[in-house]
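Chemist: What would the 3D arrangement of this be:
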Amino acid sequence: MGKSYERIDGRLREFIERQPLFFVATAPLSGNGHVNLSPKGRSSSLVVLDELTVAYLDFGGSHAETIAHLRENGRITVMWCAFEGPPTIVRVHGTGEVVLRDDPRWAGLVPRFAEADAPGVRAIIVVNARRITDTCGYAVPFMDYREDRDLHAQYFGRKSDEEFAHYCETKEFNGTSIDGLPALPLPLPPRTA
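Modeler: Coordinates of the predicted model:
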């Protein structure tokens, strides 16, 4: 059954890096605020930076709840489920930080994502693990992975950086969350690298 780990290495790291899908959960401090749970995909968009740190690309969309919650309180959980092979669920509970496109750390982080870096990246989310666990995935169904959807990449791939920034500004819940928290700084910072 469930176990806690001191670090992300060996079998855990291999498991995380093999998964084509992961989930991110955040919440505001307010008890009346909305909990956010987002599925994330796109090959190579998540990397294990070291034994206590994972990071993923935050792509453009109609909301920026994760960014808002991290800016307010930093709490985040990332979860991976095995849809094939042994039944496993891995969670990293920790603190998250938003690295925006004009942050000095951007240039050092974005090359770690190689082929996943593409038009439509708003930020990089860096998660520092405080608790790392696995549990059985006995109730998680078997599902077959076919391929990534390419709709997001195609849609944003047709936009210049200026058009992407305009897109972000026109979405109601990019600058502020659905609970009114500051989210993505607008205008969107230009890429530094």
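
Chemist: Show me what the longest strand anywhere in the chain packs onto, helices and strands only.
Modeler: Taking DSSP state E as the criterion, the chain has its longest strand at strand 121-136. Using 3 or more C-beta pairs under 8 Å, 6 or more residues apart in numbering; DSSP states H and E, the elements in contact with strand 121-136 are strand 3-5, strand 53-59, helix 65-72, strand 75-81, strand 88-100, helix 106-109. The C-beta positions use only the backbone N, C-alpha and C, and glycine is treated the same way.

Chemist: among these, which is the most enclosed?
Modeler: Highest mean neighbour count among the helices and strands packed on strand 121-136 (mean count of other C-beta atoms under 10 Å): helix 65-72, with a mean of 24.

Chemist: Put the alpha carbons of that helix into PDB.
Modeler: Taking Å, rounded to 0.1, in the frame of the first residue of the first chain, the C-alpha atoms of helix 65-72 are listed here in PDB:
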ATOM      1  CA  GLU A  65      -6.200  29.700 -11.600                       C
ATOM      2  CA  THR A  66      -3.000  27.800 -10.800                       C
ATOM      3  CA  ILE A  67      -0.900  31.000 -11.300                       C
ATOM      4  CA  ALA A  68      -3.300  33.000  -9.100                       C
ATOM      5  CA  HIS A  69      -3.300  30.400  -6.300                       C
ATOM      6  CA  LEU A  70       0.500  30.000  -6.300                       C
ATOM      7  CA  ARG A  71       0.900  33.800  -6.200                       C
ATOM      8  CA  GLU A  72      -1.400  34.000  -3.200                       C
END
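
Chemist: ok and it relative to strand 53-59, angle-wise?
Modeler: For helix 65-72 against strand 53-59, the angle by axes from the mean of the first three to the mean of the last three C-alpha atoms, to 10 degrees is 130 degrees.

Chemist: can you list the residues that contact helix 65-72?
Modeler: Helix 65-72 has contacts (C-beta atoms under 8 Å, 6 or more residues apart in numbering) with 24, 26-29, 34, 36, 38, 58, 75-76, 96-98, 122-123, 125, 173, 176-179, 181-184.
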